[in-house]
Each structure stands twice: as structure tokens, then as C-alpha cells.
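S.K.: just a sequence and a predicted model for now, questions to come.
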Amino acid sequence: MAQREAEISILCGVDVGGTFTDLVLVDVARGRVLTEKLPTTADDPSKAIVAGLMALRNRLSLDQREAAIRVVHATTLVTNALIERKGANIALLTTRGFADVLDFQRENRFDIFDLAIRFPKPLVEPAMRWEVPERIGPDGEEVEPLDEAAVRRAAAEMRARGVEAVAVAFLHAYCNAEHERAAGRLIRETLGSPYVCLSGEVAPHIREYERFTTTTVNAYVMPLVDEYLAKLHGRLECVWPGVTLSLMVSNGGVCSPETARRFPVRLLESGPVAGALVAAHFGKLAETQDVLAFDMGGTTAKLCVVRDSRPNIIAQFEADRTSRFKRGSGLPILVPSVDLVEIGAGGGSIAWIDNLGLLQVGPRSASARPGPACYGFGGTEPTVTDADLVLGYLDPQFFLGGKMALDVAAAENALRKIADPLKVDVEQAAWGIHDLVNENMASAAWLHMAEKGLDPRTFVLVATGGAGPVHACHIAVKLGIQHVLCPPASGVASAFGLVIAPPKADVSRSFLSSLEVLDFEKLNAQLEELQDQALDVLLKAGVERRQVSYSRVADMLYRGQTHHIEVTLPPGKLMASDREQIARAFHEAYHRVYGTSLSDAGIDVVAVRVTAKTDPPSVKEDLFAHDGAKAASEVKRLMYAAAERCKRPVPVFRRDSLREGSVYDGPALIESPDTTVVVEPEWHFSLSSSGALRLSRRQQAASGKERHG
């Protein structure tokens, strides 16, 4: 049984990225925070996690080591297993005549001009799909009984072929999963495996391809996640007896290991979402509710729009795209998720020259091993980190706070692979790489926000990740953004996002009805059932019933359309008298998205969702504040100035030497063990009471404050 929230006095966030593993430990009672950053151990991510936790534990006093601790973990394990196709040997059991749904996929082409278009490959080969006689109608009534003998024969054949996990996906199981439950029991008995996934539990929604695919993904990674979590929890127990482990899920909440083992598909976006949470948190502390979260690590960069201090949640996303940035080219996943845009641009992204002689950056990455050339781990390809080092943005003797020295000569040698073909010097090649990767990220942000009808110039850019603050000013200029916020411990901010993430459960189900004839008694029963399911998830995570609050939404659309709009339902028991209010809320929501509404068109409800959550863990707002008692450094370092095409000396500040409220002028470099903030000449910066750095274009400078050149 998970420990109750009231018993936990130490929280630790662990974010395993493609290059580095970040840890943030918060002693809630004493208001103390410790951070750790170390290279990811790709062969076994738990090795770096345990090493980092041991390092943090050794820095605590003896009485702190006796405190109850909760470790919240974000992992890319599921994503990597899916991309690399290193999951279990799985089978699909489906309704007779529907084994080819995984091959039919969708009728649309995501790129109509690509004659060699490649669609995502199903996880289950045709030879590993079994059909059985059964049929449930779209109204949930049985049309044909389940042939149990056929299920047993299929399970016996699966066992003979060494099947490790099974996805059971029957037609119309979203409205009645009784046949799936019966088949699941028979398969477990015959196959002898606990890894059996039912589509009516994993993704109870219409659209067979999406539901079948989500269920097969869940089955594909289930044994891997089960083994990993068991091993990780055992190793954590050795470091800190009695530790409670929680997992970040795609919707921005945390769940218990039991829930993660049962529904590992919910961990697909586990890693990236924490950056959006921390951006929302510090944006709110800065009284800025609309922010663009920008998280750039060693392998990728992520963008997320946060409005009213809440990241947008979508009901479906894609994984393992055949064309990385084209919607429709991936496997559809029917799991609620924070709406993220991922770009193949990180510190380890490799620069190269294409067949036309043009400079390109990414999406290939040097990852943790061999890593950028300057790491000295055997990498020889030119990367973004190598370019940033040569430009003077990084201190080769203070990387990771001095724990890891960078090799400038190795970086320069790697960059000659770009400089020589382009007939420029190494510094110009480094600037070209830096500027191009910034342009790629800014273009992705423009497109993402334009699709939502948003203007990035009205947002504040919140930069996190080891490389985010290095690139933030340049990206903001390209987007016309006037203010940048760099949270404290920006380089490990996602790990802090895990600490402040609340236990949260999103449970949804298809519910098909015209609003005009909506059966409110049936709707109330469905909402109550979903609420009980969501509550059960939180109780397993150690949450007390009295701490839980609920919100309810319906997915609705105009009759004949295919894309729905999310509408918040009124609280309490719904009645026929609420029909007009729900319709009005839908028209208003539709107008906000599309700029118009169709007041005379019919309205359909297609799904309902209940979100159960608690308040986030209580941490002090000034947790990262310091008194600025350290003397400001007089050190200067040569930094590349694009306008002058050469390096110029700029002051270097240690972040903990800055004084709250004072305004400092750029250009400057602000260093901390986890990252470096690059401040361009036309910017100024100040430190807030929360420990966040606020960078602003110089014309926005406030008058009457103490200034430092």
C-alpha cells in the first residue's frame, strides 16, 4: 500500500532523458532543495537513478535520511521500446473478420505528394492475429455469443508460438466489454501469462483502428515495464528503505506502480510533460498565466502552450511516426496527454551537409553515448553542444558544476566537418549550427501556435532543460517574444515538475447520443461509474478520498463532423433542464476554436471524461530563493557576437551571486551547475523572489531600479 501524502516529508523527482538523468530532492519540512545531474545509463536507466539518489542522500543529515520519501519518476522507457521495436512477443485476439483492421488503418494519406509514402507498421504481424466468433452490437447488446472453445484453441496456439502478451480487441467493446473480459479469463488460464490487455479497459472508445492500436501498444510494453518497475523499486529500497514510487503519466499527473503496470501505454509521454508543468508553475508565480514552455535537453526539444496556468490536454496523440513531424504518420494512442510538440533538436543533435550542400541539424542525435565530441566519450560528429562550446556559451571547466570537463579541441575538430565543405571558419560554422537549430525550433513554435489561432508575441517564453536557457533569447527574438523566464535549477526543472505534479486520473468512455434526445439518467450513471474508476486510481496512489476533486467534460461536435470540441459539464446531477446550458457552452467553445458557430446545426455527444485530482504537493514559493550574499564575479569570457562575426568579452555571473530585484544589463552569461543562461546585448535581466530569472528586451526596462552593467 502506498504511503499517505501526509506521511511524506521528502519528495524527489527523477527525470531520465536520452542524455542526462536529472534529480531534484525537496525536504518539504525544512524548505531545502538539492539537485543532481549525471549521464544517463542507457543500458539500464535504474543505475543512474540509484547513483543520483545515493549522492543526494549522502548530502542530507542523519535525521533527514529517516524521513519518508516519495520518488516520482518520468521515463522514456515505453517510448524507446516502441521506437526501437524492442517490446514483447504479442498476439491479437479479435472478432471474426476484423484481424486486418491494423493493416487498413485510416483512409487518408498524411502526405498526398509523397509517392513513396510509408505508413506506421502494426506491432502485431498477421500470423500472430487470431479471430473468434462473437459480436456485440453498437448498442451494447449481444448479437452473437462468444465461442469459448475457439478462444481456448487460440490461446493454446499462442502458447505454442511463445506469445508473452495478448491484446484482446473485439468490435464495439467500448460499450460492452463482457465478451472481452470472458476471453481474457480464458486466455490467462490457458496461456499462463498475466499480460492480457482488454481494449474495453485500455481505450473504451469508438474507432476500431485507434482502439486496437492503443491496446496492442499497451500489451507490447507491459512485460518490459513490469520488469523495470520491479527492479527499480527493489534498488530504491536498498538506498532508502520504505520509499514510495510514483510514475508520471502523459496527462501531467502521477500514478502508482500498480496502475503503470496495468496501463503502461499511459507512460508514453511521461518524460516531456513535466517541463510544461514547471513552466505553468513559475509562470503563475510571476503572475504570467499564458506562457510558451520550451524544454531543450540533450536529445530533443519540446514546446507546449500553457494558457490560464494550465497546459492543454488532448484526448489522442501519435507515437512512432514514420515521418517525424507529419500528423497522421504515427500510431494513434487513445490516451489523454498534455499537448506537446517535439522537435529533433537537442544538445546532442548532429549537424550535417545534405546532397545540395546545405547545412542541416538533426534529427539524429549523439545521445549520451558516444555523445557530443566535446564530452570525450568517443563521439566525433559535430553537435549543437559542440557549437555552443566553441561560441563561448559554455565554460569547459564548469560543465555540470565542474564535475565534467569539456574538450574544446575535440569540438573544433568535429566542427571542421561542417566548416571545411562550407569554406568558413570553425566559429562561423558553429554559429550557423546554433542559428539553424534556433530557426527550426522557432518555426515549429509558430506553426503550432498558428494552428491554435495564437500569437506567440503575447506569450512569455519559459526556458528549461540543460540547453533551453542557452538558446532562449535567440528563439524569443525570432518569435517576437519580449520576455523570457528561466526557472531556478532550469537545467533540471523537469525533475522539479515531477515534484509538484499532483496525483491525477483521467478516465473516459465513448457515449454516443444526440444532445436533443440525450438520456440524462444514463449519462449520470456513466459519469458516476467513471468517477468511481478515477477515484480507485488515486486511492491506489495513496491519496485520501477527502482530498479528491472532480471535473467532467463531454466531447461534442456538430452532426456530420468528425472532430470534436471539449465542453465542461455543469456540476452535480445533470437534468433535462441543463440541455440548453450544455448546448450554449458547446457553441461558445466551438467559436473560440474556429471563430464561428453553427447555431442551427444538430449537436452530438461522442464521449465523456471524468478527471479526478488532488492539489499539488505544497512547497514553498521561495524554495529556490537565496540572499545573493556571494560576491558577483568579475570574470569575463569571450562570447561570439553574431552582428560582429567575432567573439567579444562579456561578464560571467554565478546565478547564486545575483541579488533579488536588481536589474542587470546584457550581454552576459549566467552560470549554474545545471545550465547556462545566455543574455544577448539587447536584453536585461533580474532575479525574482521565487528564484526565477526574468529576461526582457532592453526597451522594456523598468526605470527607477538599481542597475548593473
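M.R.: Perfect, thanks for sending it. Numbering: from 1, shown residues only.

S.K.: just how off-centre is the longest helix seen in the chain within its chain?
M.R.: Using DSSP state H, we find that the single longest helix of the chain is helix 208-239. In terms of Cα atoms, centre = their mean, to the nearest Å, the centre of helix 208-239 is found 17 Å from the chain centre.

S.K.: and that helix, average pLDDT?
M.R.: Across helix 208-239, the average pLDDT comes to 95.

S.K.: again, but for stretch 26-40
M.R.: Rounded mean pLDDT across stretch 26-40 is 86.

S.K.: need the CA coordinates for that stretch. PDB is fine.
M.R.: Extracted in PDB, the C-alpha atoms of stretch 26-40 (Å, rounded to 0.1, in the frame of the first residue of the first chain):
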ATOM      1  CA  VAL A  26      12.800  18.700  -1.800                       C
ATOM      2  CA  ASP A  27      12.800  18.500   2.000                       C
ATOM      3  CA  VAL A  28       9.200  19.900   2.400                       C
ATOM      4  CA  ALA A  29       9.500  20.400   6.200                       C
ATOM      5  CA  ARG A  30      12.800  22.400   6.100                       C
ATOM      6  CA  GLY A  31      12.300  24.100   2.700                       C
ATOM      7  CA  ARG A  32      15.500  22.700   1.400                       C
ATOM      8  CA  VAL A  33      16.200  21.700  -2.200                       C
ATOM      9  CA  LEU A  34      19.100  19.600  -3.600                       C
ATOM     10  CA  THR A  35      19.800  18.800  -7.300                       C
ATOM     11  CA  GLU A  36      21.900  16.200  -9.100                       C
ATOM     12  CA  LYS A  37      22.600  15.700 -12.800                       C
ATOM     13  CA  LEU A  38      24.500  12.800 -14.300                       C
ATOM     14  CA  PRO A  39      24.800  11.000 -17.600                       C
ATOM     15  CA  THR A  40      22.000   8.500 -18.400                       C
END
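
S.K.: buried sites along it?
M.R.: Residues of stretch 26-40 classed as buried: V26, D27, V28, R32, V33, L34, T35, E36, K37, L38, P39, T40 (neighbour count, 16 or more other Cβ atoms under 10 Å). (Glycine included, C-beta is placed from N, CA and C.)

S.K.: hmm, which two among those residues are most spread apart?
M.R.: Within those, two members stand farthest from each other by Cβ to Cβ: V28 and P39, at 28.7 Å.

S.K.: quick check: beta-bridge partners of A91?
M.R.: V166 (DSSP bridges).

S.K.: so who does it touch?
M.R.: Going by Cβ atoms under 8 Å, 6 or more residues apart in numbering, A91 touches V124, M128, R129, W130, M158, R161, V163, A165, V166, A167.

S.K.: and the pLDDT for it?
M.R.: Reported pLDDT for A91: 97.

S.K.: would you mind identifying the next helix or strand past the host helix or strand of V305?
M.R.: Assigned by DSSP states H and E, V305 belongs to strand 301-307. Using DSSP H and E, the helix or strand that follows strand 301-307 towards the C-terminus is strand 310-311.

S.K.: which neighbours does that following strand have in its sheet, and in what orientation?
M.R.: strand 301-307 (antiparallel).

S.K.: now the strands for the stretch 401-550 of the chain?
M.R.: Taking DSSP state E, counting those that start in this stretch, the strands of the stretch 401-550 of the chain run over residues 460-464, 483-486, 504-514, 549-558.

S.K.: ok, and what's touching the last one?
M.R.: Okay, so that is strand 549-558. By Cβ under 8 Å, 6+ apart, strand 549-558 touches 315, 511, 515, 527, 531, 534, 563-569, 571, 582, 586, 590, 598, 601-614.

S.K.: the second one now?
M.R.: Defining contact as Cβ under 8 Å, 6+ apart, one finds that strand 483-486 is touched by 279, 282-283, 286, 288, 291, 460-464, 468-469, 472-473, 476, 677, 683, 692-697, 700.

S.K.: in which helix or strand would I find F586?
M.R.: helix 579-594.

S.K.: for E201, helix, strand, or coil?
M.R.: Put simply, E201 is helix when judged by DSSP: H, G, I helix; E, B strand; the rest coil.

S.K.: the closest residue to D506 other than its chain neighbours - how many residues pack around it?
M.R.: Distance criterion Cβ to Cβ, 6 or more residues apart in numbering; nearest residue to D506, sequence neighbours excluded, is P336 at 4.1 Å. Residues lying near P336 (other Cβ atoms under 10 Å) number 24.

S.K.: measure P336 to A165 for me?
M.R.: Distance from P336 to A165, counting by Cβ to Cβ, to the nearest Å: 23 Å.

S.K.: secondary structure and distance to S577 added to the buried residues of stretch 26-40, as TSV?
M.R.: Below are those laid out as TSV (DSSP: H, G, I helix; E, B strand; the rest coil; distance: Cβ to Cβ, whole Å):
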residue	secondary structure	distance to S577
V26	strand	47
D27	strand	51
V28	coil	46
R32	strand	53
V33	strand	51
L34	strand	55
T35	strand	54
E36	strand	57
K37	strand	56
L38	strand	59
P39	strand	61
T40	coil	56
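
S.K.: so the next helix or strand along the chain from the longest helix of the chain versus helix 208-239, what angle?
M.R.: Moving toward the C-terminus from helix 208-239, the first helix or strand encountered (DSSP H and E) is strand 244-248. Using axes from the mean of the first three to the mean of the last three Cα atoms, to 10 degrees, the direction of strand 244-248 lies 150 degrees away from that of helix 208-239.

S.K.: contacts made by strand 244-248 with the rest, please.
M.R.: Contacts for strand 244-248 (Cβ under 8 Å, 6+ apart): 2-3, 8, 68-75, 229, 232-233, 236, 254-257, 259-260, 267, 270-271, 273-274, 498, 501, 503, 541-542.

S.K.: which ones among the residues you listed are found in helices?
M.R.: L229, L232, H233, L236, P257, T259, A260, S270, G271, V273, A274, L498.

S.K.: any idea how far the third one lies from V239?
M.R.: The spacing between H233 and V239, counted by Cβ to Cβ, is 11 Å.

S.K.: now do the first one
M.R.: Counting by Cβ to Cβ, the separation of L229 from V239 is 16 Å.

S.K.: same check, this time on the second one
M.R.: Using Cβ to Cβ, we find L232 at a distance of 11 Å from V239.

S.K.: just the last one next, same as before
M.R.: In this structure, L498 lies at 18 Å from V239, with Cβ to Cβ as the measure.

S.K.: these two: which is more packed in?
M.R.: L498 (29 against 18).

S.K.: residues in contact with that one?
M.R.: G13, V14, D15, V24, V72, H73, A74, M248, V254, A274 are the contacts of L498 under Cβ under 8 Å, 6+ apart.

S.K.: kindly recompute the last result at 7 Å.
M.R.: G13, V14, D15, V72, A74, M248, A274 (Cβ atoms under 7 Å, 6 or more residues apart in numbering).

S.K.: S193: which of the strands of the stretch 401-550 of the chain is closest?
M.R.: strand 504-514 (25.8 Å).

S.K.: who's in contact with that closest one?
M.R.: Contacts of strand 504-514 (Cβ under 7 Å, 6+ apart): 174-175, 204-206, 251-254, 315, 336, 519, 523, 526, 530, 533-534, 537-538, 602, 604-613.

S.K.: perfect, I'm done here.
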